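Colleague: Could you work out the structure for the sequence below:
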Amino acid sequence: MKKITFILLLSLFFSANYSFAQVNNTAEVMLFGKKKIIKQGSFIRCATTEYEEYLKSKNPNRLSTSEFEQWIAPKITIEKEKRKNTPKGLRQNAVITIPVVVHVIHNGNLIGSEENIFDQQVISQIQVLNEDFRKKSGTPGFNTNPVGADVEIEFALAKQDPSGILSNGINRVDLGQESWSTDEIDAIVKPQTQWNPEKYLNIWVVKFTGNNLLGYAQFPNASGLPGINANEGPANTDGVVIGYAFFGSSSYFPGGTYVTDYDKGRTTSHEVGHWLGLRHIWGDGGCDVDDFCADTPNAGQENQGCPVGVDSCPTSPGFDMIENYMDYTNDACMNIFTADQKTRMITVMNNSTRRVSLKTSDALVPGVTFTNDASTMIVTLNINCSKNFSPVIKITNKGTSPLTQASIQYGIDNQNLQTYNWTGNLANNQSQDITLSGLTTTVGSHNFSCTIISSNGTTDQNTSNNGSAINFNIENNLNYSSNTVNFSLQLDHYGSETTWRLTNTAGVILYEGGPYTDTPVAGPLPALITTSFNLASNDCYTFSIFDSQDDGICCKYGAGSYVLNTPTGDIIASGDAFGGGKITKFSINALSTNEVKNLNSVYLYPNPTSNILNIVVENKLDSPEAYTIINSLGQIIKSKKIESEEDLSVNVSNLSQGIYFLKLSKNQSETNTIRFIKK
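Modeller: Down below sits the predicted model:
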C-alpha cells in the first residue's frame, strides 16, 4: 500500500449525490472534492490516493509514504532481531489492550434506527476485532496458515469518559444532520466529538453522504523523531471512520443493520490494520510494488468476492493471499494477519506517537460513579397515523444506591411540560420502560424531550445523562374506507434502481417489489406493472419507494411514475421525480384516536402488554364508566362496565398478538379511543 488511509466504497447502497451519464454507462463521482469517472454499477473499492492527496493539501508538511517507511523500517528490523535472539522459552506474551470509544453519529433517530445503531451491534464489532487480531481458536478469526499470527493486540470499550465518569465506551452524538461528507467529517464531526487520541482509539460510525463509503482510517506517522519532519498530521482527525451498515457482525447480532458480504465486521478489522500501519497486500501498485511484509505473496491487484487459487503474479512464488484482512475480499473470506504484519503493528504500537501512549492509558479503569444517578432515553414515540401518541422512555439506574423514585419532565417543543413521578426499585444498571401519558400535537415538525429532574427525592448527581430528545414529524392523517388498494408502476429505463415496499404498524413488510430489469434507452418503456393490496382495517401503513441513484423515475431516462389509489379513484400517493425516495403513511377504516372528548387524562400502561392492561386515570372526574375492546377489523371483542378499581385492570392475556383499540365511554357522550398492542 502506498498511501496513509484506506477507504471502501459501494456504489449501490444508500442514496448518493452522483451525476450519472447513464447513456454511456458511466458515472461521475466526487471523491474528496475531485471528480472521478467510474463504470455505472461497479464498486469503488478504495480511494486511498485521493484521501492522501486531500490530507496533504490540508497539511503540506505531512509525512510522505517514503518518509514513514524510512522511519519504521529500521525499527521493524530491531523488533525482528529482538524476537529472533530471544530463546523461545523466554518469550513473554505481553498482550496490548487498546481502549476504544465508538462515536455513534446520528440525527436524532431512535436507538436501533438507521445510523443510530444498537449497543449490541457495537459490541459485536469489538468481539470480531478481538477474534481477528488474536487468531482465536473456534472463531472465524482462526486460521491454520503457517504464517498466520496471533497479533497479541486486543480491544476493549472504554470504561471512563474524558471527564473520568463511568462510561460504556459508546458515545451517541446527535449532530442534527443525517449524513456527512468526508470533508465534513474531518472539519466538523471529528473535532467536535473526538476523545483524547492519546488515550482512546476513536471509531466514528456514521452515515456517509455522496460516495457510499465503507470506511477509512488515518495511518500512523511519527513526528518528533530524529531525521524526520516534525509533523505527523492533525491529532483531531486521528482514528477510524466506518459506515454504519458495515460495522459489527450479523453472526453475533442479527438484529443490526448490515449490507450482504460486508456484514461480518471485517471492514473495521481492515481499517484498524491501516491505523496500525499495514499496507494493502498488493502495495497499491502491481507485482513489483512492496507491502513491506515478506510473508504476504506478491499480488498484482486487489481481489474481490471469494476467489480460489488466484495467482496474479505468476513469476513470483505463492498464490494471492485472498484471505488476508488487507485484501478486498468478502468479509466471510478473511481470516489472517501474518507474522510480518504483526511485527509491523507491534512496532507502531511501541514507537509511533499517539499509539505508544495507548499502552499506559487509564481509559479502561472504571470511572467515577454516583450515589443518585438516573439516566433516561427515548424508546419509541408510538406515532403512526395519528396526532396523539404515548411515548415510551427507558429509565436506568446508573447510581450505586437502589433507584426508588424519579421525577421526569417531558413535553413537545418544550411547551406545556408535564411531570411523571415514577416509583419502583431498580438496582445498579437495571432499567424499566415507562409509557407516558398521551400527547396531542399538530401536523408538522416537532421535538419531543424528556429530562430527569430528581432521583431518589434529591438532585440527580450526574446531569450529563438526564435528558433525551428526538425530532419527529406529524403528517395529515390519510384515512381511507377501502380495504383494497391498487398500485401501478411505470418504470423508466433503469429499473434496477427502483424498489418499493408496503409495511404495517409493526414494520412487517406486506408487499414489496424491485429491483427490476434495465431496458435499452433507445427502445420503448417497460410494461406497466399493476397489482392490488388487501389491507386490514384499523392499522397504519407505510408505502416507501426508492431510487438508488437519487433521480427518481422521471424524466431524462423515460417518463416513469407511480400511483397508489383506492378503487374509487382516491389517490393515496403518487410521484415520479422523487429523488432518492418518498414515504407516505395512511390508514384504512381507522377508528378515530385523535378526537378526545373530556376523557383526556386517561392513558394505558403498559403498552404494549402481554397480560394486564391498566387504565390510568389522572383526574378522577374523567373516570370512564365502561370500556369496549375492538380488534383491527372493527369487531367488538369485549365490553364491560367499570364499577370498581379492579375493573381498571383489563386482562388481555387471552387475546392474540396484534393491534387493538380500547374505547372508553362516560355518560354515553364522552369517549376516548386508545390504541394498544398485545404482544
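Colleague: Residue 382 contacts residue 393, doesn't it?
Modeller: No - Residue 382 is not in contact with residue 393 according to C-beta atoms under 8 Å; the separation is 11.3 Å. Backbone N, C-alpha and C define where each C-beta goes, glycine included.
Colleague: Who has more neighbours out of the two?
Modeller: More crowded of residue 382 and residue 393, by other C-beta atoms under 10 Å: residue 393, with 23 against 20.
Colleague: wait, isn't that one in contact with residue 451?
Modeller: No - using C-beta under 8 Å, residue 393 is not in contact with residue 451, being 10.4 Å away.
Colleague: Mind listing the shared neighbours of the two?
Modeller: 376, 408, 410, 468 (C-beta atoms under 8 Å, 6 or more residues apart in numbering).
Colleague: Give me the ChimeraX select line for those, limited to the buried ones.
Modeller: Buried subset of those, written as a ChimeraX selection, criterion 16 or more other C-beta atoms under 10 Å:
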select :376,408,410,468
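Colleague: how about the helices in this protein?
Modeller: For the chain, the helices defined by DSSP state H cover 48-58, 65-85, 119-134, 182-184, 190-193, 266-275, 339-351.
Colleague: least reliable of these going by mean pLDDT?
Modeller: Ranked by mean pLDDT, the helices of the chain bottom out at helix 48-58, which scores a mean of 61.
Colleague: Bridging across strands, which residues link to residue 433?
Modeller: Beta-bridge pairing for residue 433 (DSSP bridges): residue 394.
Colleague: Residue 392 is in contact with that one, correct?
Modeller: Yes - the criterion here is C-beta under 8 Å, and residue 433 meets it with residue 392 at 5.5 Å.
Colleague: If you count surrounding residues, which of those two has more?
Modeller: residue 392 (18 against 13).
Colleague: What separation is there between that one and residue 448?
Modeller: Per C-beta to C-beta, to the nearest Å, residue 392 is found 11 Å from residue 448.
Colleague: Can you list the buried residues in stretch 180-191?
Modeller: 180, 181, 182, 184, 185, 186, 189, 190.
Colleague: err, stretch 657-666, not the other one
Modeller: 659, 660, 661, 662, 663, 664, 665, 666.
Colleague: ok, residue 177 - how many residues close by?
Modeller: Residue 177 has 16 nearby residues by other C-beta under 10 Å.
Colleague: residues contacting it?
Modeller: Per C-beta under 8 Å, 6+ apart, neighbours of residue 177: 107, 184.
Colleague: May I ask which two of the buried residues of stretch 180-191 are separated the most?
Modeller: 181 and 190 (12.7 Å; C-beta to C-beta).
Colleague: sorry, back to before: pick out whichever of the shared contacts of residue 393 and residue 451 sits closest to residue 357.
Modeller: Among those, and counting by C-beta to C-beta, the member closest to residue 357 is residue 468, at 33.9 Å.
Colleague: Pairing partners for the closest one in the sheet, please.
Modeller: residue 450.
Colleague: Go ahead and confirm residue 495 touches residue 520.
Modeller: No - using C-beta under 8 Å, residue 495 is not in contact with residue 520; the gap is 11.8 Å.
Colleague: what about the two, which has more around it?
Modeller: residue 495 (21 against 7).
Colleague: From residue 555, how far out is that one?
Modeller: Taking C-beta to C-beta, one finds residue 495 at 15 Å from residue 555.
Colleague: do residue 589 as well
Modeller: 36 Å.
Colleague: Looking only at neighbour counts, state which of those two leads.
Modeller: The residue with more neighbours, out of residue 589 and residue 555, is residue 589; 17 against 13, by other C-beta under 10 Å.
Colleague: and stretch 196-205, which residues are buried?
Modeller: Buried-residue list, stretch 196-205, by 16+ other C-beta under 10 Å: 197, 198, 199, 200, 201, 202, 203, 204, 205.
Colleague: With stretch 157-167 instead?
Modeller: 157, 158, 159, 160, 161, 162, 165, 167.
Colleague: List the ones among those that fall in strands.
Modeller: Among the buried residues of stretch 157-167, the members found in strands (DSSP state E) are residue 157.
Colleague: Just the closest of the buried residues of stretch 157-167 to residue 576, please.
Modeller: Using C-beta to C-beta, residue 157 comes nearest to residue 576 of those, at 46.9 Å.
Colleague: quick one, what contacts the closest one?
Modeller: Residues counted as contacts of residue 157 (C-beta under 8 Å, 6+ apart) are 99, 100, 101, 102, 122, 123, 126, 168, 169, 170.
Colleague: May I see these organised as CSV, with neighbour count added?
Modeller: Shown next, in CSV, are these (neighbours: other C-beta atoms under 10 Å):
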residue, neighbour count
99, 21
100, 26
101, 26
102, 29
122, 22
123, 18
126, 21
168, 15
169, 24
170, 18
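Colleague: Just the closest of these to residue 308, please.
Modeller: Nearest member of these to residue 308, counting by C-beta to C-beta, is residue 126, at 30.9 Å.
Colleague: Might you report the residue contacts of the closest one?
Modeller: The contact partners of residue 126, by C-beta under 8 Å, 6+ apart, come to 100, 155, 156, 157.
Colleague: Could you list which residues are in contact with the closest residue to residue 467 other than its chain neighbours?
Modeller: Spatially, and ignoring its direct neighbours in sequence, residue 467 is nearest to residue 451 (4.3 Å; C-beta to C-beta, 6 or more residues apart in numbering). Under the criterion of C-beta under 8 Å, 6+ apart, the contact list for residue 451 reads 376, 408, 409, 410, 466, 467, 468.
Colleague: Can you tell me which of those end up in strands?
Modeller: Those of those lying in strands (DSSP E): 376, 408, 409, 410, 467, 468.
Colleague: what residues are up against the last one?
Modeller: For residue 468, the contacting residues are 376, 377, 378, 393, 449, 450, 451, by C-beta under 8 Å, 6+ apart.
Colleague: for the residues you listed, which one is nearest residue 327?
Modeller: Closest approach between these and residue 327, by C-beta to C-beta: residue 377, at 39.6 Å.
Colleague: In this structure the closest one contacts residue 119, no?
Modeller: No - judged on C-beta under 8 Å, residue 377 makes no contact with residue 119 at a distance of 10.9 Å.
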